[in-house]
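Engineer: quick one, fold the following:
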Amino acid sequence: MRLVAISDLHISHRANREALLEVPDHRDDWLIVAGDVSERADHLTLALDVLTSRFARVIWTPGNHDLWITPGSTARTRGEDRYRELVEICRRFGATTPEDDYLEWPGALGTYIVPMFLLFDYTFRPPEIEVDDAVNWARSRGVVSGDERMLATDPWPTIPAWCEARCAETERRLTSLPDNARTVLINHWPLRYDLSRPPRVPPFSVWSGTSRTEDWGRRFRAEAVISGHLHMRTTLRRHGVRYDEVSLGYPRDWHRERGIDWYLRDVLPADASVTSRFVPPRDPFLCT
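Structural biologist: Residues are numbered from 1 along each chain as shown. Now for the predicted structure:
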């Protein structure tokens, strides 16, 4: 029995969608899907129909693309309502979401699997840049995220306001765990600023998390912290905590001949061999 993880399936791309259908049976394993399945809610239905039939359990959390309202979209919901719509799709398939009770990992009692939905608040920026200037600073360097146009926040007035509410509620739930509980923290966006800067486009960090979570890995005794978003597969350690970026990415970011199964990251039990599976994105400007 293994706990494995992947993110950024982006099955709006045909190659990714076809590869999803080829994922083999993992009947005893649990799968983490850390956001960015697709911009379309019906694609989440497709993905869960496949994955819940091939894994013993699926744990899902949303990414920014899952919440996007793209030009010409026929989406019925926006913002918070869109998120709730996706949660209800997950529940129809028995997938675990950030709104559900945390699961205790059967292989290590006292270790809780914690899917989170935290967003970002523009605080991942150089210290000399004011938060209110962060977007303009990144734009002046030729970097801007589609979130500025397509991530609706209704009924929240801003993305940072939504982020603050999500962080406060998640922090409350985490602090209510037993004092000796271990965790596997899962969020689409990285939890630390030093892990959120793509080497060739560091200003993209502005749309990549919140400084509020900087110490959560240590504070909540994480066995591993799982994220996606950057399409920059890595396994790194900070203060004794393992941080795994587990993106698949767009078709240009991975090798079709390997299949999606090759990109599943072992989380529990840990498998040191997977740390070499780092394939940098070919065009980080377009990664998220």
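Engineer: and what about residue 163, helix, strand or coil?
Structural biologist: Secondary structure of residue 163, reduced to three states by DSSP: H, G, I helix; E, B strand; the rest coil: helix.
Engineer: and it, how many neighbours does it have?
Structural biologist: For residue 163, the neighbour count with other CB atoms under 10 Å is 24. Bear in mind the C-beta positions are built from the backbone N, C-alpha and C, glycine included.
Engineer: also the one 10 residues further on?
Structural biologist: A total of 13 residues lie near residue 173 under the criterion other CB under 10 Å.
Engineer: state the helix or strand in which it lies.
Structural biologist: Counting by DSSP states H and E, the secondary-structure element that holds residue 173 is helix 159-175.
Engineer: low-scoring stretches of the protein, by residue?
Structural biologist: Within the chain, the set of residues satisfying pLDDT under 70 comprises 270-288.
Engineer: what ranges do the strands span in it?
Structural biologist: Applying DSSP state E to the chain gives strands spanning 3-6, 26-34, 55-61, 103-104, 111-115, 182-186, 222-227, 234-238, 241-245, 265-268.
Engineer: so which of those strands gets nearest residue 193?
Structural biologist: Taking CB to CB as the measure, the strands of the chain were each checked against residue 193, and strand 234-238 came out nearest at 10.8 Å.
Engineer: buried set for the closest one?
Structural biologist: 234-235, 238 (16 or more other CB atoms under 10 Å).
Engineer: ok, the residue nearest to residue 251 when sequence neighbours are not counted to residue 36 distance?
Structural biologist: What sits nearest to residue 251 in space, not counting adjacent residues and going by CB to CB, 6 or more residues apart in numbering, is residue 15, at 4.2 Å. For residue 15, the distance to residue 36 equals 15 Å [CB to CB, to the nearest Å].
Engineer: higher neighbour count, those two?
Structural biologist: More crowded of residue 15 and residue 36, by other CB under 10 Å: residue 36, with 27 against 14.
Engineer: correct me if wrong: the more buried one contacts residue 7.
Structural biologist: Yes: using CB atoms under 8 Å, residue 36 is in contact with residue 7, at 6.1 Å.
Engineer: and for these two, which residues touch both?
Structural biologist: When contacts are counted by CB atoms under 8 Å, 6 or more residues apart in numbering, the set common to residue 36 and residue 7 consists of 63, 188, 228-229, 247.
Engineer: tell me the contacts of the residue most central in space within the chain?
Structural biologist: With the centre of the chain defined as its mean C-alpha position, the nearest residue by CA atoms, centre = their mean is residue 188, 1.8 Å away. With contacts taken as CB under 8 Å, 6+ apart, residue 188 has the following neighbours: 7, 34-36, 61-64, 117, 227-229.
Engineer: helices along the stretch 51-200 of the chain, start to end?
Structural biologist: Taking DSSP state H, counting those that start in this stretch as the criterion, the stretch 51-200 of the chain carries its helices at 64-67, 79-92, 134-140, 147-150, 159-175.
Engineer: right, I'll leave it there.
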